[in-house]
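Asker: got a sequence here, can you build the structure:
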Amino acid sequence: AVVSTQSTGKMIEAGQEEGSWVALQNVHLAVSWMPQLEKICEDFSPETVNPNFRLWLTSYPSPKFPVTVLQNSVKMTNEPPTGLKANIYQSFTTDPVSDPKFFSGCPEKEVVFEKLLFSLCFFHAIVQERKKFGPIGWNIPYGFNDSDLRISLQQLQLFVNEYSHIPLNAVTYLTGECNYGGRVTDDWDRRCITTILRVYYNEDVVHDNKYKFSPSGSYFAPPSGTYDSYIQFIKQLPTSQLPEVFGMHDNVDISRELQDTKHLFEDLLLTQAQSTGGGAGGASTEQKLTDIATDILSKLPSAFDIDEAVEKYPVKYEESMNTVLVQEMERLNRLCGVITTSLQNLQKAIKGLVVMSESLEQVAGSLMVGKVPELWSKNSYPSLKPLGSYINDLVARLKFLKTWYANDKPTCFWVSAFYFNQAFLTGVKQNYARKYTIPIDKLDLDFEVLPCDDIDQHPEDGAYVKGLFLEGARWDSKKMSLAESFPKILYDTVPVIWLKPAIKTEISTEGKYVSPVYKTSARQGQLSTTGHSTNFVVAINLPTIKPQKHWVLRGTCLLCSLDD
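Answerer: Numbering: from 1, shown residues only. Here you go, the predicted model:
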């Protein structure tokens with residue numbers, strides 16, 4: 001039952017006196033009540049609490065959950081088993097599949113039900129195991145759990161019994177869009193989960209006695225049989241799985257290990273003292289911070305003169321790029337101002353001229369471990385680069401705008417240099433719409449990859465862009481299409497792309513993979529009012545010989561910047 005926080009406190013008090021048990025579910029949803037919960041738990045005392053009293057709390061992982069409550073609690077976690085074999089085995093040995101009545105609950109349709117039941121359990125294991133690959137698996141890590149599988153299995157049995165034919169459309173929609181898909185908040189993850197489900201929910205699964213779930217054939221749908229025969233089949237599955245069963249390239253194992261290593265070192269850095277002075281080594285630490293701050297300040301150029309920029313590139317009806325340039329200058333001026341001010345104040349604080357505030361302490365701590373300070377990140381474009389690479393990247397972006405200002409609009413735009421990429425894309429469409437007097441809401445961008453890394457002339461319409469990277473695939477310059485990545489090469493540079501505005505109804509995606517473009521490899525961002533992640537830029541149509549689902553399972557995308 002849903003109760004108020006006030007009545008919850010009274011329940012806990014009554015439980016302490018009577019020695020009863022109190023269970024509070026989904027505590028993570030009551031963020032404002034967390035401090036009160038912490039105080040209640042701190043006041044527990046053997047002298048005032050009945051020894052039979054117990055307080056049970058259920059919660060998802062939450063940064064707001066009181067640490068002291070966690071430290072003084074007996075903790076239990078319920079996580080899916082590691083590996084496909086263990087995951088499928090658990091699905092078959094728990095309710096409802098382990099119930100003989102349920103397993104044999106489709107008389108005269110045993111083959112259809114059992115085949116789709118095994119496929120669904122395999123699908124459940126796949127979507128849970130993809131999380132270990134990070135953003136390549138899912139843009140956002142979702143908490144798919146046994147309740148999703150249970151309701152999907154019950155619906156599968158219901159529909160198989162109700163229909164004379166195999167109700168694939170109905171169960172696919174309910175499973176992919178409602179039960180599992182109901183958790184999915186990212187459009188590209190939704191495309192991914194429905195593509196995965198089509199591998200396991202189709203006619204071939206039912207009629208083919210050895211329908212392959214992986215190209216090598218190591219995983220397949222077993223022939224219809226008894227419950228025990230399925231258990232024996234599952235026990236014979238490989239203990240460890242290759243990326244191919246997920247539809248991924250072998251390179252994702254490297255990406256996963258790099259990601260695990262990065263997280264390990266980040267956790268290790270958290271254990272280090274963040275002192276900026278005093279004690280042994282204090283003087284050397286202060287000198288290092290001074291040197292770092294001086295070096296960064298020496299690399300940053302003077303701020304752009306916005307008044308001069310507006311005068312040289314005024315707002316023009318026929319040239320939207322003037323506005324884009326001035327706005328980009330303003331944004332980077334703001335960012336450089338934050339960086340410069342914080343470093344200058346840090347230098348003064350080290351000399352004792354100003355107070356070392358908490359924000360300056362955080363800046364100093366980040367500089368010492370080579371991280372971009374949070375103060376800068378809040379005012380910056382998305383970036384996962386370490387401090388040195390971040391500054392070099394920022395200087396390169398400033399140089400790009402400076403060259404644009406000095407030499408007029410570039411023939412080929414470095415699309416990754418923009419703070420707000422969408423403004424540039426809108427400007428491209430706006431120029432076309434005004435030139436041909438077409439409503440901009442009827443336009444979209446078509447794309448053509450050119451066989452060159454740079455170009456020295458303007459297109460008649462649209463714009464040439466460069467600076468994108470492919471993850472999960474490579475670009476074959478001979479066949480002018482997507483191709484499999486080379487072993488141990490995680491990213492591939494994409495040649496110049498021609499952005500061609502066109503009427504939406506005239507743009508064809510046949511024979512093309514609709515690839516999302518992200519600002520960073522994290523892919524995840526906050527959902528905006530458009531329904532897209534703030535990390536998402538645009539979708540680009542790339543020619544492909546293989547079917548689109550191949551690259552969807554691969555997690556193929558384009559990135560504006562890498563992590564190094």
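Asker: which element is encountered next along the chain beyond whatever helix or strand A309 lives in?
Answerer: If you go by DSSP states H and E, A309 is part of helix 306-312. Using DSSP H and E, the helix or strand that follows helix 306-312 towards the C-terminus is helix 321-351.
Asker: just how off-centre is the helix holding A309 within its chain?
Answerer: 39 Å (CA atoms, centre = their mean, to the nearest Å).
Asker: in it, what's buried?
Answerer: For helix 306-312, burial by neighbour count (16 or more other CB atoms under 10 Å) applies to 309-310. Any C-beta I mention is one placed from the backbone N, CA and C, and that applies to glycine too.
Asker: so for that helix, mean pLDDT?
Answerer: On average, the pLDDT along helix 306-312 is 95.
Asker: residues touching it, excluding its own?
Answerer: With CB atoms under 8 Å, 6 or more residues apart in numbering as the test, helix 306-312 has contacts from 325-326, 329-330, 333, 405.
Asker: check stretch 434-447 too.
Answerer: 317-318, 320, 425, 428-430, 432-433, 461-462, 497-504, 507, 538, 540-542.
Asker: among those, which ones are buried?
Answerer: Using 16+ other CB under 10 Å as the burial test, these include 320, 425, 428-430, 432-433, 462, 497-502, 507, 538, 540-542 as buried.
Asker: and the residues you listed, which of them are in helices?
Answerer: 425, 428-430, 432-433 (DSSP state H).
Asker: now those in CSV, with pLDDT?
Answerer: Output for those, formatted as CSV (pLDDT from 0 to 100):
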residue, pLDDT
L425, 95
V428, 96
K429, 96
Q430, 96
Y432, 96
A433, 96
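Asker: bridging residues for T544?
Answerer: L482 (DSSP bridges).
Asker: V496 is in contact with V465, correct?
Answerer: Yes. Because the distance of 7.1 Å satisfies CB atoms under 8 Å, V465 is recorded as touching V496.
Asker: and the gap between E177 and K549?
Answerer: 17 Å (CB to CB, to the nearest Å).
Asker: check H263 and give its pLDDT.
Answerer: For H263, the predicted pLDDT is 87.
Asker: helix, strand or coil for it?
Answerer: Under DSSP: H, G, I helix; E, B strand; the rest coil, H263 falls in the helix class.
Asker: give me the distance from stretch 311-328 to the chain's centre.
Answerer: 34 Å.
Asker: tell me which residues of it come out buried.
Answerer: For stretch 311-328, by 16+ other CB under 10 Å, it's 313, 319-328.
Asker: quick check: the farthest pair among those?
Answerer: Farthest-apart pair in those is E319 and E328; separation 14.8 Å (CB to CB).
Asker: now find how far off-centre stretch 540-559 is within its chain.
Answerer: 17 Å.
Asker: can you check stretch 201-214 too?
Answerer: 31 Å.
Asker: okay, it in CSV with CA atoms only?
Answerer: What follows is stretch 201-214, C-alpha atoms only, in CSV (Å, rounded to 0.1, in the frame of the first residue of the first chain):
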residue,chain,number,x,y,z
TYR,A,201,10.4,-14.5,-32.5
ASN,A,202,9.9,-15.7,-36.1
GLU,A,203,8.5,-18.5,-38.1
ASP,A,204,11.9,-20.2,-38.7
VAL,A,205,12.4,-20.7,-35.0
VAL,A,206,9.3,-22.9,-34.9
HIS,A,207,9.8,-24.9,-38.1
ASP,A,208,13.6,-25.3,-38.2
ASN,A,209,14.8,-27.9,-35.7
LYS,A,210,18.2,-26.3,-35.5
TYR,A,211,17.5,-22.6,-36.0
LYS,A,212,20.8,-20.8,-35.4
PHE,A,213,20.9,-18.0,-32.8
SER,A,214,24.6,-17.3,-33.7
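Asker: got the contact list for it?
Answerer: 111-112, 115-116, 119-120, 122-123, 166, 168, 171-172, 175, 199-200, 217, 219-221, 223, 242, 244-245.
Asker: may I see the buried residues of that stretch?
Answerer: Applying 16+ other CB under 10 Å to stretch 201-214 flags 201-202, 205-206, 211, 213-214 as buried.
Asker: where exactly do the strands run in this protein?
Answerer: 21-24, 54-57, 412-414, 443-449, 463-466, 469-471, 474-476, 481-483, 491-493, 497-503, 512-518, 536-543, 557-559 (DSSP state E).
Asker: can you redo the ones you listed as a markdown table with mean pLDDT?
Answerer: Listed next are the strands of the chain as a markdown table, based on pLDDT from 0 to 100:
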| stretch | mean pLDDT |
| --- | --- |
| strand 21-24 | 93 |
| strand 54-57 | 93 |
| strand 412-414 | 96 |
| strand 443-449 | 96 |
| strand 463-466 | 96 |
| strand 469-471 | 97 |
| strand 474-476 | 96 |
| strand 481-483 | 97 |
| strand 491-493 | 96 |
| strand 497-503 | 96 |
| strand 512-518 | 96 |
| strand 536-543 | 95 |
| strand 557-559 | 97 |
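Asker: which one, of these, ends up nearest to F133?
Answerer: Nearest to F133, of the strands of the chain and by CB to CB, is strand 469-471 at 11.7 Å.
Asker: now that closest one, how far from the centre of its chain.
Answerer: For strand 469-471, the distance to the chain centre is 15 Å (CA atoms, centre = their mean).
Asker: name every strand pairing with it and say which way it goes.
Answerer: In the sheet, strand 469-471 lines up with strand 491-493 (antiparallel), strand 557-559 (antiparallel) (DSSP bridges).
Asker: deepest in the core, which of the ones you listed is it.
Answerer: strand 557-559 (a mean of 24; mean count of other CB atoms under 10 Å).
Asker: who's in contact with that strand?
Answerer: 188, 468-472, 491, 494, 515-521, 523, 540.
Asker: quick one: contacts for Y491?
Answerer: Counted by CB under 8 Å, 6+ apart, Y491 has contacts 469-471, 559, 562.
Asker: the nearest residue in space to E129 that is not next to it in sequence: how many residues sit nearby?
Answerer: Among residues not flanking E129 along the chain, L84 sits closest, at 6.0 Å (CB to CB, 6 or more residues apart in numbering). If you count neighbours by other CB atoms under 10 Å, L84 ends up with 24.
Asker: from Y432, how far off is L84?
Answerer: 49 Å.
Asker: do the same with K235
Answerer: 61 Å.
Asker: cool, and L542?
Answerer: Here the criterion is CB to CB. By it, L542 lies 21 Å from Y432.
Asker: cool, D208 as well?
Answerer: 50 Å.
Asker: Q241 and N87 touch, don't they?
Answerer: No. With contact defined as CB under 8 Å, Q241 does not count as touching N87 (10.1 Å).
Asker: joint contacts of V465 and V496?
Answerer: With CB under 8 Å, 6+ apart, V465 and V496 have common neighbours C412.
Asker: comparing these two, which residue is more hemmed in?
Answerer: More crowded of V465 and V496, by other CB under 10 Å: V465, with 23 against 20.
Asker: leaving out sequence neighbours, find the closest residue to that one.
Answerer: Excluding its sequence neighbours, the residue lying closest to V465 (CB to CB, 6+ apart) is V415, at 4.0 Å.
Asker: would you agree that neighbour is in contact with K466?
Answerer: Yes. The pair V415 / K466 is scored as a contact, 7.0 Å apart, by CB under 8 Å.
Asker: quick revisit: could the ones in helices among the buried ones among the contacts of stretch 434-447 go into JSON lines alongside distance to K131?
Answerer: JSON lines is the format used below for these (distance: CB to CB, whole Å):
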{"residue": "L425", "distance to K131": "31"}
{"residue": "V428", "distance to K131": "37"}
{"residue": "K429", "distance to K131": "37"}
{"residue": "Q430", "distance to K131": "40"}
{"residue": "Y432", "distance to K131": "42"}
{"residue": "A433", "distance to K131": "42"}
